[in-house]
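**Student:** when you get a sec, could you give me coordinates for this:
(chains A and B)
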Amino acid sequence: MTKSKWHLLLSIFAIFAILAFTAACGDDDDDDNGGNGGTTASPTSGGTAPTAVAKPSGTITIRTIQFESWDPHFSDFNQDIEHFFMVWRGLYHLDKDSKPQPAMADGMPTVSADGKTYTVKLKKDLKWSDGQPLDANDFVLGVQRTCNPDNAGHYQYILTAIVGCQDYYDAGKKTAEEKAALQKAMGVKAVDATTIEFKLTDPQPTFTILLALWPTFPAPKHKLATVDAKWPAPMDNVYNGPFKVSAYTEKDKMEVVPNDQYTAGQKAQVEKIVMRYIDDAAVALNAYRSGEIDATAVPTTQLKAVKADPTLGKELISYAATRTTGIEPNLKDPTLSKLEVRLALSQATDRKTLNDNVLNGANIVSTNWMPPDRSGNKAGIFDAAIGFDPAKAKENLKKAGYDNGAGFPKLTVLQTDSATNKAIGEFLQSEWKKYLNIDINLEYTDSKSRSSRFNSGNFQIVLGGWGEDYPDPENWILGLYETGGSINKQSCSMKAIDDIIAKAKFNQNDEQRRQQYRDAEKLIVENVCGMAPMWQVGFHAVVKPYIKGMVENKKPDDKQVPGDTSVELWTTTKK
Amino acid sequence: MIAYAIRRVLLMVPLLFAVATVTFFLMHSVEGGPFDTDKPMSEAARERLNEKYNLDGSLVEQYGHFMANTAKLDLGISISSNERPVRDIIQEKFGVSLQLGICAFLFAITLGVTLGAISAINQNGIGDYVGVFMATSGAALPSFILAPLLVIFFALKLNWFDVLGWELWNYKKMVLPSVAMGMLPGAFIARIARASMLDILRQDYIRTARAKGVKEFTVILRHAVKNALIPVLTILGPIFAGLITGSFIIENAFAIPGLGNAFVGSVLVRDYGVIMGVTLFYAGIIALMNLIVDLLYAVADPRIRL
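**Tutor:** Purely as a prediction, here's the structure:
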């Protein structure tokens, strides 16, 4: 090769490398203009507001996961909800004991004698983070967005008690005029700038709690031309919570800083919270070890190592989440429609060994469907009926016509693909073979396929469960176990359950209502009507000792780290 | 050569068309859609969402719609990223993957050529064994094992680097991902470079150079390494394309928001726009890199006529 050829070749390489670098680095600059992808928007420090006690100080970095939707009136994902509570607040906010306390509202709602009209007064001079007034119409718009057929909110089903919400939601195919009329006819309106009135079809005892949740968060009417207008991206949106978004790069991180317009409650006490998006929990744990993040959840697979570590062991916090996992049989399946078969499968499952040996003791083994704290039912009261008992399991299988597993069809257990789920599946496979002499198929898919299969009833057995949306027994039963219930994908259908739910739904007598849900739980569990509970899920996280307010404000429905629905209570002494 | 280049660029059109078609139908044949969650959704609401994202027609209609838009260079919007244009997402994420890929590429070349040269010069000596051992272990160690090992040793034990990653010009966040990503191609380059170097060292012109009394260092660097690099050059293109398009494993191991991560994430949430956009982009890049290599090859070796 001649010298000049070499020079040409080198030059081409050099030019290419320079071009590539310029493109790569130049891209960051472009992002500042792109609404969704800004990385370096200057953080505004939380100004000294009237009620501020001390100047916010320090930065807290937590691990979380990229949200799927930024729209609180649409989304239903855990990590999304964690984000929402940092930057938005509803009329009420659930305290440490999961009781609603006034947030944007000035006092508790006034409820009419028939329990069907709720009137809520707003605090004075509320503002969005851009200084625009926040009034009753913003809250009305928020509720309308959740019920809007074009927005198609996942949590619309908890607002069906509001007059007209269901009709509006079902109006997808109607004309714009018809939709507008239905929107107007909804039982939510602004009486004046600071008064909101909700009309309900039936008295709903849990309605105040719903006013603390994201589907009823306000929507900034000055940012949305119409009810179905596109929800602004993080950097273009406005906020009414203790923090506001100051920087965001998709799949990388979001930074929130104190919202100086927030006057409705405790002001933010840290200068910045960085939410680092880390998909792999084991990577997050390493970043915690190296001090790059201050709090993260601990994956089940790492639990033993964390407990054994002299430092991490001390920083570990474990508590029961309001989430239950169990075996969910599809009652439409001819084999599983037999009660004895369902009982046999439940009784042949050694939950304790599974949890202790396979899952590092991560969960709280239980045959209760609702966490005992929530239902008031004692822990373990269903053990005799559905708990581990190989002799009874064999007997039940025999009663169902499959003596020692003879002639039992090969059922398929469907799970989301993960190392933990595979271990659980293999455990069930060997246990059921051992005690019942039956064979099962194990099928693993990603979560979208699993959801699609589950929702269309195209499954025999899934391993799954329920995480509480709001702190009331109603949320564990209603929609899940009555005939035709919108989330009743296992096709549980028992008249006795339907009757109890119908009575409990609008029962204004709280103690009676709770008892009715306890009765319903008994029927569901003892008949394995779509659910054989295995455990209440354990929540495990590590938090650096210089962070205060996380562990102290932990709740059983925490999303990614302890206390993440009350971020205004977090402080740090690390500078 | 210019005519050849134009011909090759034109040939990319049917190639991309085929890639788009196959991907489109494969993607839609997978169970589960973007709006599947365990929470209920009424049929009416689902239909509205499908309509909004052009998922309402038959598959053939959707395909026609997609192709028509792609022909206008409109890759559509992302379903999961607040309706952000797919082009924006690719631009942002590719920026990160490109930086990482270039660093990994530079590491791979340096490692590969150095190891290869040292091994060849010390053939069957201790340097050769060390070099071959390193090249073999680099090739044998998959990146999903190498990355955590590097993290545990260099970030957690020695505290030299960060666990999380990527920030341009911040060496604490650049070194480990680049090494983890560049190791395998580096090992590959080393083996090619060694073989090629051994061949060159036996050539007459090397003997002539030595006989003329040229310094050994000059012989190796100017006459041997330079010519030994020609076979290496041919594999650099595909390696470079592979590195800059991002690696899900490396990006996941260091929580780097690159294109590999975005691509796998989009498949998991069935973000059809991003899946199609990124696949086409990958296909385009790889085709382009192959073209560049072919052109460079002609430049490097005058015996090749295009």
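
**Student:** so for chain B, the centremost residue is which one?
**Tutor:** residue B:242 (1.8 Å; CA atoms, centre = their mean).

**Student:** distance of the nearest residue to residue A:360 once chain neighbours are set aside from chain B?
**Tutor:** Among residues not flanking residue A:360 along the chain, residue A:303 sits closest, at 4.2 Å (CB to CB, 6 or more residues apart in numbering or on different chains). C-beta coordinates here come from the backbone N, C-alpha and C atoms, glycine included. Here residue A:303 is placed at a distance of 18 Å from chain B (CB to the nearest CB, to the nearest Å).

**Student:** what number of residues lie near residue A:303?
**Tutor:** By other CB atoms under 10 Å in any protein chain shown, the residues close to residue A:303 number 18.

**Student:** rewinding a little: can you mark which positions in the host helix or strand of the residue nearest to the centre of chain B are buried?
**Tutor:** Using DSSP states H and E, residue B:242 falls within helix B:226-244. For helix B:226-244, burial by neighbour count (16 or more other CB atoms under 10 Å in any protein chain shown) applies to B:227-229, B:231-233, B:236-237, B:239-244.

**Student:** same question for stretch A:235-245.
**Tutor:** Applying 16+ other CB under 10 Å to stretch A:235-245 flags A:235, A:237-245 as buried.

**Student:** and those, which two are the farthest apart?
**Tutor:** Across the buried residues of stretch A:235-245, the longest distance by CB to CB is 18.4 Å; it joins A:235 and A:242.

**Student:** check the stretch 201-306 of chain B for the residue nearest chain A and tell me.
**Tutor:** Taking CB to the nearest CB, chain A has its nearest neighbour within the stretch 201-306 of chain B at residue B:257, 3.8 Å off.

**Student:** pretty sure that residue sits against residue A:252.
**Tutor:** Yes: here residue B:257 reaches residue A:252: they are 3.8 Å apart, a contact under CB atoms under 8 Å.

**Student:** which residues do the two both contact?
**Tutor:** Counting by CB atoms under 8 Å, 6 or more residues apart in numbering or on different chains, the residues touching both residue B:257 and residue A:252 are residue A:277.

**Student:** circling back: and the buried residues of helix B:226-244 near chain A, which?
**Tutor:** B:227, B:244 (CB under 8 Å from any CB of the partner chain).

**Student:** I'd assumed residue A:516 was in a helix, is it?
**Tutor:** Yes: Residue A:516 sits within a helix when classified using DSSP: H, G, I helix; E, B strand; the rest coil.

**Student:** and the longest helix along chain B, which residues are buried?
**Tutor:** Criterion DSSP state H: the longest helix present in chain B is helix B:86-121. Residues B:86-105, B:107-109, B:111-121 are the ones in helix B:86-121 that count as buried (16+ other CB under 10 Å).

**Student:** in stretch A:480-493, which residues are buried?
**Tutor:** For stretch A:480-493, using 16+ other CB under 10 Å, the buried residues are A:480-482, A:485-493.

**Student:** on that earlier part again, averaged pLDDT, the following helix or strand past the longest helix of chain B. What do you get?
**Tutor:** The helix or strand immediately downstream of helix B:86-121 is helix B:126-140, counting by DSSP H and E. Helix B:126-140 carries an average pLDDT of 89.

**Student:** likewise stretch B:98-106?
**Tutor:** 95.

**Student:** is stretch B:17-36 anywhere near chain A?
**Tutor:** Yes: using CB under 8 Å from any CB, stretch B:17-36 reaches chain A at B:30-36.

**Student:** who wins on neighbours among these?
**Tutor:** residue B:36 (22 neighbours).

**Student:** now do the SS call for that residue.
**Tutor:** Per three-state DSSP, residue B:36 ends up coil.

**Student:** which residues touch it?
**Tutor:** A:448-449, A:451-452, A:455, B:270.

**Student:** for chain A, what are the nearby residues on the stretch 1-150 of chain B?
**Tutor:** So the stretch 1-150 of chain B meets chain A at B:30-42, B:44-49, B:52, B:80-84, B:88-89, B:91-96, B:98-99, B:102, B:148 (CB under 8 Å from any CB).

**Student:** run through the stretch 201-306 of chain B and note the low-pLDDT ranges.
**Tutor:** B:306 (pLDDT under 70).

**Student:** tell me how far the residue nearest the centre of chain A lies from chain B.
**Tutor:** Note on chain A: the residue nearest the mean C-alpha position is residue A:78, at 3.2 Å, using CA atoms, centre = their mean. Per CB to the nearest CB, residue A:78 is found 11 Å from chain B.

**Student:** hang on, isn't that residue packed against residue A:561?
**Tutor:** No: using CB under 8 Å as the test, residue A:78 is too far from residue A:561 to be in contact (11.6 Å).

**Student:** chain neighbours aside, what residue packs nearest to residue 218?
**Tutor:** Answering for chain A, as no chain was given. residue A:138 is the one closest to residue A:218 (CB to CB, 6+ apart), at 3.9 Å.

**Student:** that's the wrong chain, I meant chain B
**Tutor:** Using CB to CB, 6+ apart, the nearest residue to residue B:218 is residue B:209, at 7.9 Å.

**Student:** count of neighbours near the one you found?
**Tutor:** Look at residue B:209: counted by other CB under 10 Å, it has 19 neighbours.

**Student:** doesn't residue B:223 make contact with it?
**Tutor:** Yes: at 5.3 Å, residue B:209 counts as touching residue B:223 under the criterion of CB under 8 Å.

**Student:** thinking again about what came up before, just flag the most distant two among the residues of stretch B:17-36 next to chain A.
**Tutor:** Taking CB to CB, no two of the residues of stretch B:17-36 next to chain A sit farther apart than B:30 and B:35, at 14.4 Å.

**Student:** show the backbone phi and psi for the closest residue to residue A:458 other than its chain neighbours.
**Tutor:** Residue nearest to residue A:458 in three dimensions, not counting chain neighbours: residue A:452, with 7.9 Å by CB to CB, 6+ apart. Per-residue torsions, residue A:452: phi -60, psi -40 (degrees, to the nearest 10).

**Student:** nearest to residue A:68, of the residues of stretch B:17-36 next to chain A?
**Tutor:** For those, the nearest to residue A:68 is residue B:34 (9.6 Å; CB to CB).

**Student:** residues contacting the closest one?
**Tutor:** So residue B:34 contacts A:448, B:53, B:55, B:79-80, B:269-272 (CB under 8 Å, 6+ apart).

**Student:** and for residue B:205, the neighbour number?
**Tutor:** For residue B:205, the tally of surrounding residues (other CB under 10 Å) stands at 12.

**Student:** that one contacts residue B:222, doesn't it?
**Tutor:** No: shown here, residue B:205 and residue B:222 do not form a contact pair, counting by CB under 8 Å, at 11.2 Å.

**Student:** tell me, what's touching these two both at once?
**Tutor:** With CB under 8 Å, 6+ apart, residue B:205 and residue B:222 have no common neighbours.

**Student:** and residue A:115, how far from residue A:487?
**Tutor:** Separation of residue A:115 from residue A:487 (CB to CB, to the nearest Å) stands at 25 Å.

**Student:** what does the stretch 201-306 of chain B put close to chain A?
**Tutor:** Counting by CB under 8 Å from any CB, the stretch 201-306 of chain B sits next to chain A at B:226-227, B:230, B:244, B:252-255, B:257, B:261-262, B:265, B:268-270, B:292, B:296, B:299-302.
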